[in-house]
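Asks: structure for the following, please:
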Amino acid sequence: MIDSQSNRQLKELRKLRTAHGRAKSGSPPRFIAEGEDLIAAAASVGWHPVERFVAAGSGLEGTEVEPELLAGASSLGSGTRVLAVYEQRWSAPAGPLCVYLHGVGDPGNVGAILRSAQAFGAGSVVLEGLPGRTIALAAGLGAPLAGPLEGEATILIGAEREGLPPELLAAAAETCQIPIQAESLNAAMAATVALYELTRNTTRVPAA
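Replies: The predicted structure follows:
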């Protein structure tokens with residue numbers, strides 16, 4: 001059982017968390033997943049962890065760690081009973097509609113964007129390799145975003161405070177805005193509205 005703050009595995013966990021999944025040079029990139037539901041979902045599709053850590057006394061399978069030490073390695077405010085380390089897997093970006101995230105680091109926003117992308121039939125959510133023409137969303141800049149989508153396109157979404165950097169705006173094929181009465185929307189809401197606008201009037205399966 002791990003019961004020391006100076007334990008090598010625990011140090012590696014904290015380092016991996018603060019490095020946003022960037023492992024040491026020469027080793028496969030890795031990331032941390034937390035929570036029983038998420039780890040069970042990974043197992044259900046055959047995605048097995050490199051390492052699995054559980055709170056001592058939880059009855060879960062894995063390397064036992066004193067609960068307060070495991071909480072210290074967690075990125076969740078309430079801590080966790082289980083976390084696991086996985087090797088990253090990357091797929092080629094796919095269209096016809098794609099969402100690109102630039103500097104969007106909040107897990108809640110990323111998760112909401114992934115759910116919206118799936119709901120509106122986007123082919124992928126990417127960090128690089130952008131298919132089709134690029135449409136940069138920027139508060140108060142460019143023409144109002146208007147759908148439906150014609151051809152392949154990638155929507156560029158920036159972080160809430162900084163938005164998209166000038167060089168990315170300049171390189172985009174189009175710069176568009178979502179007409180609103182407030183200053184801006186958060187990243188997840190902006191992505192959802194944009195996805196709806198670009199896919200409206202297309203055939204969708206009714207929600208159950």
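
Asks: the protein: strands as residue ranges?
Replies: Here the chain has its strands, by DSSP state E, at 30-34, 51-55, 63-65, 82-87, 97-102, 124-126, 133-137, 143-144, 153-158, 174-177.

Asks: what helices or strands is the fourth one leaning on?
Replies: Strand 82-87 sits against helix 8-18, strand 30-34, helix 36-44, strand 51-55, with contacts defined as 3 or more CB pairs under 8 Å, 6 or more residues apart in numbering; DSSP states H and E. Yep, even glycine has a C-beta here, placed from its N, CA and C like the rest.

Asks: can we see that at 7 Å?
Replies: Secondary-structure packing of strand 82-87 (3 or more CB pairs under 7 Å, 6 or more residues apart in numbering; DSSP states H and E): strand 30-34, helix 36-44, strand 51-55.

Asks: given that strand, what are its sheet partners and their directions?
Replies: strand 30-34 (antiparallel), strand 51-55 (antiparallel) (DSSP bridges).

Asks: before we move on, what about the last one?
Replies: Neighbouring strands of strand 174-177 in its sheet, by DSSP bridges, are strand 133-137 (parallel), strand 143-144 (parallel).

Asks: possible to save those strands as a markdown table with mean neighbour count, distance to residue 201 and mean pLDDT?
Replies: Output for these, formatted as a markdown table (neighbours: other CB atoms under 10 Å; distance: least, CB to CB, whole Å; pLDDT from 0 to 100):
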| stretch | mean neighbour count | distance to residue 201 | mean pLDDT |
| --- | --- | --- | --- |
| strand 133-137 | 21 | 18 | 96 |
| strand 143-144 | 10 | 16 | 95 |
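
Asks: select, out of the ones you listed, the one closest to residue 190.
Replies: Nearest to residue 190 among the strands paired with strand 174-177 is strand 133-137; the distance by CB to CB comes to 5.7 Å.

Asks: chain neighbours aside, what residue packs nearest to the residue nearest the centre of the chain?
Replies: Centroid-nearest residue in the chain: residue 110, 3.8 Å away (criterion: CA atoms, centre = their mean). Among residues not flanking residue 110 along the chain, residue 104 sits closest, at 6.0 Å (CB to CB, 6 or more residues apart in numbering).

Asks: for the one you found, give me phi and psi.
Replies: Main-chain dihedrals, residue 104, degrees, to the nearest 10: phi -90, psi 100.

Asks: distance of it relative to residue 114?
Replies: 11 Å (CB to CB, to the nearest Å).
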